[in-house]
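Trainee: Mind looking at a prediction? Sequence and model below.
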Amino acid sequence: MKKTMIVIALACLSTLGWTADKSDKQQAADRLQAAGDVLQQITAAPDKGIPDEVFSNAKCVAIVPGLVKAGFIFGGKRGRGVATCRTTAGWSAPAFFTMSGGSAGFQVGVEGIDLVMLMMNDKGMQHLMSNKFQIGAEASAAAGPVGRHASAGTDWKADTEILTYSRSKGIFAGVSLDGTWVNQDKDATVAVYSPDVTNQTLLNGKVPPPAMAEPFLAVVRQVSVKVNAKKED
């Protein structure tokens, strides 16, 4: 019965998905634009956003604009995101991924949140570079500190591979991602790149960014420059 309800919940989530009348390439372009907007808005909230120290130490940034949480008895999450990692030449070409997973507990209704995940160490980066991993089982994740500076009492530099930030209706709050699967979005990857491209080749910087990714990467670079400038002041 429990499995059946989870399947039903996830099926409901699929109906909330993406516009079928748009091409995969156009959807990817829209996702890049939305991801850039989310990152710009979240980092522009100095008292509630991502601390400069945290962002400047992140190996990769992954953004899911409009992650959908829905449920009736048993809930689920579904979303499509985009990620980029630091390389010796700057930020990598973006990799496209999907998120999906179920969660037990009484839940009613639908909620959309913007999600930012920061990979803080090599383990987190390697998980993101794989084409499939599960948060909680394979990669550790925790809600990241917020504010102008990371709290001195928060050991965010230690073992946590992924720090998460979520925003719903302008409010920053934690969200449990345990049990959530992160998979390469093959449809978007094929539409923007080619069938043989993997997350690893993209995030390692071995593939040049496409023109459509420039506005998104410009935002990431802008945030990085701003953060580094504050550190030098």
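Mentor: Ah, there it is. Numbers count the residues shown, from 1 in each chain.
Trainee: Quick check: phi and psi at Asp196.
Mentor: Main-chain dihedrals, Asp196, degrees, to the nearest 10: phi -90, psi 0.
Trainee: Could you do Phe97 as well?
Mentor: Dihedral pair for Phe97: phi -140, psi 160, per degrees, to the nearest 10.
Trainee: Could I get the pLDDT score of it?
Mentor: Turning to Phe97, the model gives it a pLDDT of 96.
Trainee: So what does the residue lying closest to Pro209 once chain neighbours are set aside look like in phi/psi?
Mentor: Of all residues not flanking Pro209 in the chain, Ala93 sits nearest, at 4.0 Å (Cβ to Cβ, 6 or more residues apart in numbering). Where C-beta positions appear, they are placed from N, C-alpha and C, glycine not excepted. When read as degrees, to the nearest 10, the backbone of Ala93 gives phi -60, psi 140.
Trainee: Please enumerate the strands of the chain.
Mentor: Using DSSP state E, the strands found in the chain span residues 60-72, 74-87, 90-91, 95-103, 108-119, 132-134, 141-143, 162-168, 171-173, 181-184.
Trainee: Please render those strands as CSV that adds distance to Pro208 and mean neighbour count to the earlier fields.
Mentor: Output for the strands of the chain, formatted as CSV (distance: least, Cβ to Cβ, whole Å; neighbours: other Cβ atoms under 10 Å):
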stretch, distance to Pro208, mean neighbour count
strand 60-72, 18, 22
strand 74-87, 11, 23
strand 90-91, 11, 17
strand 95-103, 14, 22
strand 108-119, 22, 19
strand 132-134, 25, 16
strand 141-143, 30, 18
strand 162-168, 27, 21
strand 171-173, 34, 13
strand 181-184, 19, 20
